[in-house]
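[1] Quick one, what's the 3D model for this:
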Amino acid sequence: MRTGGQGITSIELACGLTEEVVRTLGEVRLRVMGTSMVPSILPGDFVSIHRATPQEISPGEVVLFSRNGRLIIHRVVDRKWAATEDNPGELRLITRGDRVLQDDPPVSSLELLGRVVSIERGSRKVELPDAGSNSLIIRLLQSSDRATYLYLRLAAWWRNIFLWRAKCQA
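    As a prediction, this is how the structure comes out:
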């Protein structure tokens with residue numbers, strides 16, 4: 001993707017293309033860039049997304065949605081029925097990043113792209129932790145960007161040690 005003056009346009013095009021792939025083919029694989037889901041999902045992880053509707057999603061699952069030209073991966077914390085001008089009752093998902101203190105605005109069925117079904121870190125698949133696991137670590141990371149930075153540095157160091165050992169044993 002291009003940065004600078006055309007950076008926003010490139011990002012919006014990539015997000016639009018991702019939306020189209022999920023809606024047409026039903027799945028997509030993406031590299032995560034942000035830190036809002038640390039420690040569950042780390043920057044650089046690959047996530048596989050399968051198309052889903054709000055009715056198929058339960059609290060605790062992690063979803064991908066599109067909002068304002070951006071793709072967001074957050075955990076569902078609740079589901080609520082909301083009346084709109086066009087629809088007397090639409091199921092909306094209430095989401096939040098694991099490292100974020102406040103909920104996102106409700107996610108509509110038009111914004112929802114799908115659920116995260118797998119995570120790849122390096123060359124291995126990792127389990128998607130439950131919402132309640134790592135609660136002490138999550139509270140620490142929610143309170144401090146510096147703690148998040150240090151956690152990510154430690155995770156990268158650990159990953160390099162693990163990969164180095166795997167290469168040496170081969």
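[2] can I assume residue 21 sits in a helix?
    Yes: under DSSP: H, G, I helix; E, B strand; the rest coil, residue 21 falls within a helix.
[3] In this structure it contacts residue 15, no?
    No: counting by C-beta atoms under 8 Å, residue 21 stays clear of residue 15, with 10.8 Å between them. All C-beta spots, glycine's among them, are computed from the backbone N, C-alpha and C.
[4] check contacts around residue 78.
    Going by C-beta atoms under 8 Å, 6 or more residues apart in numbering, residue 78 touches 59, 93-94, 103.
[5] between those, which has the most around it?
    In terms of neighbour count, residue 93 stands highest of these at 25 neighbours, by other C-beta atoms under 10 Å.
[6] Just give me the longest strand of this structure.
    Looking across the chain with DSSP state E, the single longest strand is strand 70-82.
[7] Whichever helix or strand comes after it vs strand 70-82, what angle?
    As assigned by DSSP states H and E, the chain's next helix or strand after strand 70-82 is strand 90-96. Orientation note: strand 90-96 sits at an angle of 130 degrees relative to strand 70-82 (axes from the mean of the first three to the mean of the last three C-alpha atoms, to 10 degrees).
[8] circling back to that earlier point, would CSV of the contacts of residue 78 with pLDDT and distance to residue 66 be doable?
    CSV is the format used below for the contacts of residue 78 (pLDDT from 0 to 100; distance: C-beta to C-beta, whole Å):
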residue, pLDDT, distance to residue 66
59, 95, 21
93, 97, 13
94, 97, 17
103, 96, 18
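[9] Which parts of the chain are strands?
    Going by DSSP E, the chain shows strands at 27-31, 46-51, 62-67, 70-82, 90-96, 112-121, 124-126.
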